[in-house]
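Asker: what's the 3D shape of this:
(chains A and B)
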Amino acid sequence: MTFLELSSLRKEFGAAVAVQDFNLQVEKGEFVSFLGPSGCGKTTVLRMIAGFEKPTRGRIIIDGKDVTALNANKRNIGMVFQQYALFPNMTVADNIQFGLKVAGADGGLRQKRIKDMLGIIHMEQFANRYPHQLSGGQQQRVALARALAIQPQVLLLDEPLSALDAKIRVNLRQEIRSIQRQLGITTIFVTHDQEEALSISDRIVVMNQGVIDQLGTPLDIYNRPQTSFVASFIGSLNVLQAQVVDRSAGRIRIDGQELTTGERIGSEADTVTVAIRPEAVSLNHANGHPNSISAAVDDIYFLGSVVRVRTKLKDQFLNVDMFNNPSMALPARGEQVLLSFAASAAKVL
Amino acid sequence: MVTQKRPSWLAWFWLLVAFLYLFLPLVAMVWSAVTSPRGFYLDAFTDVIAAPKFAETFLFSLRSAVFTILISALLVVPTTYWVQLRMPRMRPVIEFLTVVPLVIPALLMTFGLIRFFNSVRLPNDILLTNSNEGLYVMLLGAYVIISFPFMYRAVDAGMQAVNIRALTEAAQSLGAGWFTILFRVIFPNLLVAVLNGAFITFAIVLGEFTVSSLLNQPAFSPYMLDLSSRQGDQATALGIISFVLTWACIAAIQRLGRGRARVAAV
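Answerer: Predicted coordinates:
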């Protein structure tokens, strides 16, 4: 059942249109990420849900109630900000109970909620510390606890991990997901980091220039991008220009070498754009795939767990990703290699 | 390893010049107040402190300073907050307005105030300018205007340092209304800035002469001038006492806000 519904949302700032025709239904307890480059409108949508921006058009419905015209302080929505936004003049405990005090909750309930929240974020011993006495990761945990203490209907996370260093980001995103599952709270997470979105979301909304480009599960978004923007934005991708050779057989030609694609393609002699994930290509292993093309090794990049081999066809480049394995034999620069991949791996955009 | 450069003799020389420039007049003042052809004496100080007008005028200015600080803070903090939050385009206009009290002489401003409020009547049908209460209100109004540039700039700088937008939105998302946001989130986090503005306001009010004299108010500064025309050594002693008292009051305000300010400053 739909718990949060955004219907035909539009937001204009003067002559600029930040968001247009935005439609989304979110189930209760679902974790949905808004993913897109800076300026794509994802934060504007989040701010409209929170009540900080009034939509130019459209409706926001939470649990069957239209909250479009409701002020931010009447919506019962928890929000975690990129810059933590903890109240510097209050201790951790006071920050957590701020919303409860505003709501007029009695002392007993407030103390219980503080204890519960500190337990959830594993910071029981920090109740009397001030924000400046905490690390960035701890501050963001407290911000999360503060937002959850009021038992909001919806939790909004506005790039909450952006200001943290890489290792803490990974730990905290797992913790956020675990807490969200534990409490079953409907959550919207805004990020420009595809890895973050792919790793913790039930569904991802990929946004570009104020509109939804694609909506789907992380696997859908990654494996079946529906637009060239999604294909290029999510993961790394080889985007190649090809000519259609045989429409019915799905045969195309890239830099003089013929390949087969499992996709529907245009008319003969048309130029089409083909996208192939680097990890879908095998190096010097045909694996029974019909697509085998030869290329020269241009460069090799060591990326930790992955080794990326950049190859050159004739005019175009094609990257191949391989898991790092101490026993693997890497080709030399300039060496001719055979690249193979499944027909279904070659997506026509 | 980072090696610290030793200050040259030239730096010490200029420091000494600055020190002498600032403190020699003070030393001269103290010297002239405690010496006479008869030798060392403290009569000027004891006479000044014993005079009933001293306590009366000092307390009057002290009370006026406290009221001015309160009114300024209540006026400037919400205004600056609103401008930064909702009307950032108005900031240059407000900044221009803050220069006006510095440009217009206090004399002109007081005459302007008197002319403007001359037709205003109190509920008991007495002209505002014909009652002591009315004149006192005008005095406070003038003090607020005079101290406005200093209070505004201090508060504005404080707001720039704190992310007031994020704090406001965080408080809103937790259900807080504007009153709660202003008095439980914004004001406490601007305590250092407000205190900075308060110090300057305090010093201005205690030393202000033109407005209080023209409005015929029993303030500290007109009393000092009056005394200097009659008793030069007592006026000097009063000047020294006023220095010490002003510093003592500022230290007291600072001490009062130190605990909270330390937290809010982060």
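
Asker: Next up, the contacts around residue 128.
Answerer: Using chain A here. A:91-93 (CB atoms under 8 Å, 6 or more residues apart in numbering or on different chains). Bear in mind the C-beta positions are built from the backbone N, C-alpha and C, glycine included.

Asker: Hmm, no, I was thinking of chain B.
Answerer: B:117-118, B:120-122, B:134-135, B:137-138.

Asker: ok, back up a step: redo the contacts of A:Asn128 as a markdown table? Include pLDDT and secondary structure.
Answerer: Listed next are the contacts of A:Asn128 as a markdown table, based on pLDDT from 0 to 100; DSSP: H, G, I helix; E, B strand; the rest coil:
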| residue | pLDDT | secondary structure |
| --- | --- | --- |
| A:Thr91 | 95 | coil |
| A:Val92 | 96 | helix |
| A:Ala93 | 96 | helix |
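
Asker: Please go through those and note which also touch chain B.
Answerer: Here nothing survives when the contacts of A:Asn128 are matched to chain B using CB under 8 Å from any CB of the partner chain.

Asker: Pick the one among those residues closest to chain B.
Answerer: A:Thr91 (9.1 Å; CB to the nearest CB).

Asker: Let's see the pLDDT reported for the spatially most central residue of chain A.
Answerer: In chain A, the centroid-proximal residue (CA atoms, centre = their mean) is A:Ala197; its distance is 2.7 Å. Predicted confidence (pLDDT) for A:Ala197: 93.

Asker: Tell me if I'm right that it and A:Gly36 touch.
Answerer: No. If you go by CB atoms under 8 Å, A:Ala197 and A:Gly36 don't touch, sitting 9.5 Å apart.

Asker: before we move on, back to that, tell me the one of the contacts of B:Leu128 nearest A:Arg169?
Answerer: Checking the contacts of B:Leu128 against A:Arg169 with CB to CB, the nearest one is B:Val137 at 57.9 Å.

Asker: in what helix or strand does that closest one lie?
Answerer: According to DSSP states H and E, B:Val137 maps onto helix B:132-161.

Asker: can you give me how far the helix or strand following that helix is from the chain middle?
Answerer: Sequence-wise, the next helix or strand downstream of helix B:132-161 (DSSP H and E) is helix B:164-173. Relative to the chain's own centre, helix B:164-173 is displaced by 31 Å; criterion: CA atoms, centre = their mean, to the nearest Å.

Asker: same thing with stretch B:120-138?
Answerer: That offset, for stretch B:120-138, works out to 25 Å (CA atoms, centre = their mean).

Asker: Stretch A:48-60 too?
Answerer: Per CA atoms, centre = their mean, the centroid offset for stretch A:48-60 relative to its chain is 22 Å.

Asker: what about that stretch, start to end distance?
Answerer: Across stretch A:48-60, the straight-line distance between its terminal residues is 8 Å, by CA to CA, to the nearest Å.

Asker: Out of the contacts of A:Asn128, which is nearest to A:Met79?
Answerer: A:Met79 lies nearest to A:Val92 out of the contacts of A:Asn128, by CB to CB, at 17.9 Å.

Asker: Could you pull out the strands in chain B for me?
Answerer: Secondary structure of chain B (DSSP state E): strands at B:35-36, B:39-40.

Asker: cool, and the stretch 151-300 of chain A?
Answerer: Secondary structure of the stretch 151-300 of chain A by DSSP state E, counting those that start in this stretch: the strands cover A:154-158, A:186-191, A:203-208, A:211-216, A:238-246, A:251-254, A:257-260, A:271-276, A:282-283, A:291-302.

Asker: Just the pLDDT at residue 258, thanks.
Answerer: All of this is about chain A. A:Glu258 carries a pLDDT score of 88 in this model.

Asker: The intended chain is chain B.
Answerer: At B:Arg258, the pLDDT value in this model is 63.

Asker: just A:Leu183 next, same as before
Answerer: At A:Leu183, pLDDT is 90.

Asker: and it, what does it touch?
Answerer: By CB under 8 Å, 6+ apart, the residues touching A:Leu183 are A:Leu148.

Asker: Tell me the residues on chain A that lie near chain B, please.
Answerer: Going by CB under 8 Å from any CB, the residues of chain A near chain B are A:50-52, A:71-79, A:81, A:83, A:85-89, A:98-99, A:102-103, A:130-132, A:143, A:146-147, A:150, A:156.

Asker: how much space between whatever residue of the stretch 101-250 of chain B ends up closest to chain A and A:His192?
Answerer: Nearest residue of the stretch 101-250 of chain B to chain A: B:Leu174, at 3.4 Å (CB to the nearest CB). B:Leu174 sits 26 Å away from A:His192, taking CB to CB, to the nearest Å as the criterion.

Asker: Between those two, which has more neighbouring residues?
Answerer: Each of B:Leu174 and A:His192 has its neighbours counted (other CB atoms under 10 Å in any protein chain shown); B:Leu174 has more, 30 against 18.

Asker: Okay, and the closest residue to that one other than its chain neighbours sits in which element?
Answerer: With CB to CB, 6 or more residues apart in numbering or on different chains as the criterion, B:Leu174 has its nearest non-adjacent residue at 3.4 Å, and that residue is A:Gly99. If you go by DSSP H and E, A:Gly99 is part of helix A:92-102.

Asker: Can you tell me what sits against that helix?
Answerer: A:86-87, A:90, A:105, A:109-110, A:113-114, A:117-118, A:123, A:126-131, A:134, A:142-143, A:145-146, A:149-150, B:171, B:174-176, B:180.

Asker: I figured A:Asp321 hits A:Thr311, correct?
Answerer: No. With contact defined as CB under 8 Å, A:Asp321 does not reach A:Thr311; the gap is 11.7 Å.

Asker: Show me which of these two is the more surrounded one.
Answerer: A:Thr311 (25 against 19).

Asker: In three-state terms, label the more buried one for me.
Answerer: strand (DSSP: H, G, I helix; E, B strand; the rest coil).

Asker: Any stretches of chain A with poor pLDDT?
Answerer: A:285-288 (pLDDT under 70).

Asker: Grab the most central residue of chain B for me.
Answerer: B:Thr201 (1.3 Å).

Asker: and the angle from the helix or strand of chain B with the lowest mean pLDDT to helix B:132-161?
Answerer: None of the helices or strands of chain B scores lower by mean pLDDT, DSSP states H and E than helix B:232-264, at a mean of 73. Helix B:232-264 runs at 40 degrees relative to helix B:132-161, counting by axes from the mean of the first three to the mean of the last three CA atoms, to 10 degrees.

Asker: partners of the helix or strand hosting A:Val19 in the sheet?
Answerer: Taking DSSP H and E as the definition, A:Val19 sits inside strand A:16-27. When pairing is defined by DSSP bridges, strand A:16-27 lines up against strand A:2-13 (antiparallel).

Asker: Could I get the buried residue list for the strand it pairs with?
Answerer: A:3-7, A:9-11 (16 or more other CB atoms under 10 Å in any protein chain shown).

Asker: Am I right that A:Tyr84 falls within a strand?
Answerer: No. A:Tyr84 sits outside any strand when classified using three-state DSSP, being coil.

Asker: Would you confirm that it contacts A:Gln138?
Answerer: No. Contact criterion CB under 8 Å: A:Tyr84 and A:Gln138 do not qualify, at 9.6 Å.

Asker: higher neighbour count, the two?
Answerer: Each of A:Tyr84 and A:Gln138 has its neighbours counted (other CB under 10 Å); A:Tyr84 has more, 25 against 20.

Asker: so what's that one up against?
Answerer: For A:Tyr84, the contacting residues are A:131, A:136, A:139-140, A:142-143, A:163, by CB under 8 Å, 6+ apart.

Asker: ok, now which ones touch A:Ile121?
Answerer: Per CB under 8 Å, 6+ apart, neighbours of A:Ile121: A:141-142, A:144-145, A:175, A:179.

Asker: can you list the strands of the stretch 151-300 of chain A in a markdown table and add mean neighbour count and distance to A:Ala342?
Answerer: A markdown table is the format used below for those (neighbours: other CB atoms under 10 Å in any protein chain shown; distance: least, CB to CB, whole Å):
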| stretch | mean neighbour count | distance to A:Ala342 |
| --- | --- | --- |
| strand A:154-158 | 24 | 37 |
| strand A:186-191 | 25 | 31 |
| strand A:203-208 | 24 | 24 |
| strand A:211-216 | 18 | 21 |
| strand A:238-246 | 17 | 14 |
| strand A:251-254 | 20 | 14 |
| strand A:257-260 | 18 | 9 |
| strand A:271-276 | 18 | 10 |
| strand A:282-283 | 18 | 10 |
| strand A:291-302 | 16 | 7 |
